[in-house]
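>>> The following block contains a protein sequence and its predicted model.
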Amino acid sequence: MIRVGHEKFDRALNGGIGEEDLVLVYGEAGTGKTTLLMYYAYLCALSRFKVIFLSSEKPFAIERLVQISGRKWREVSRRISVMLIRSFIEQLELIERLEHFITPSLKLIAIDTITDAYRESISEGVSPLRANKCLNRQMAMLYELAKNKSLIVMVSGQVRERPEEGVEEIVAAKVMRFWPNKIIRLERIGGKRYAVIEKTPAYKYVGLRISFKVAERGIYFEY
C-alpha cells in the first residue's frame, strides 16, 4: 500500500493505493496530474519496488522526477523505467507487451496521460467509435493486469468542456469511468488546488475535497 502521508486522503482511498487498484487521476492542464503520478512512482521506488512509467509528454520531464526524488534520485532511478508513447497505436502495443516486463519486484505501472494519444488519433481522422473501442481495450487490459498480477495501475486523463452543460468532463468519460475502482479529480479554483475523491471503496469519502500544493519535492496535502 502506497500512502502519501495525509491521514484523511489516504483513508479516503481505503488506506492508500494498493495492489489490484486501477486509479484514474484527471483534471485540467496544470492541476498537478503528472506531479501526483511521479510522486507515487517515487514513493513506490523508495519502498524498493520497481515502477514502469509510460509518458506521452514530449519530451519526458525527467528533471521533474529528479526534483521530486531529491537526494534519493540515485537510489530510486534504478527502479523506475520510462517508456515514451509516440502514437495511439504504439500506446496499445506497449500496454499489450507490459505483461512481459512484470517481475516479482514490479509494483506500479503509471501512464501519463492515457487520453493524449487518443485525442490525437481522433484529430488525425480516426473515428471516435474506433478510438473508443481501442481505449476501452487498453483500460480492460490494465484492469486485468492490476487484478491478476497484484499490481497498482495509475492513469491520468485530460478533460473536455461540455458546452451544453457548461461543465468539464474527463475525455472518453464512459470508458474512463467504468474500469477504475478509484478516481481522483484535480481542480484549481482561484489560487488553490484541490483533490476531489470521486470513486473509492470507502464510499463515505466520495466527494471529499482536500487542498494541496505542488512543490519542488512533489505534492503536499494541507490540513
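Yep, it's here. Residues are numbered from 1 along each chain as shown.

>>> tell me, what residue is most central in the protein?
The residue lying closest to the centre of the chain (Cα atoms, centre = their mean) is Val155, at 2.9 Å.

>>> for it, helix, strand, or coil?
strand (DSSP: H, G, I helix; E, B strand; the rest coil).

>>> Return the distance of it relative to Gly16.
Distance of Val155 to Gly16, computed by Cβ to Cβ, to the nearest Å: 17 Å. In short, each C-beta sits where N, CA and C put it, glycine included.

>>> swap in Ala195?
When Cβ to Cβ is the yardstick, Ala195 and Gly16 sit 14 Å from each other.

>>> Next: Glu90.
When distance is defined by Cβ to Cβ, Glu90 is 32 Å away from Gly16.

>>> These two: which is more packed in?
Between Glu90 and Gly16, counting by other Cβ atoms under 10 Å, Gly16 is the more crowded of the two (18 against 15).

>>> any idea whether Arg185 is helix, strand or coil?
Assigned state for Arg185: strand (three-state reduction, three-state DSSP).

>>> worst-scoring helix or strand of the chain, pLDDT-wise?
Lowest on mean pLDDT, DSSP states H and E among the helices and strands of the chain sits strand 159-162, with a mean of 77.

>>> how far does stretch 182-194 sit from the chain's center?
For stretch 182-194, the gap between its own C-alpha mean and the chain's C-alpha mean amounts to 14 Å (Cα atoms, centre = their mean, to the nearest Å).
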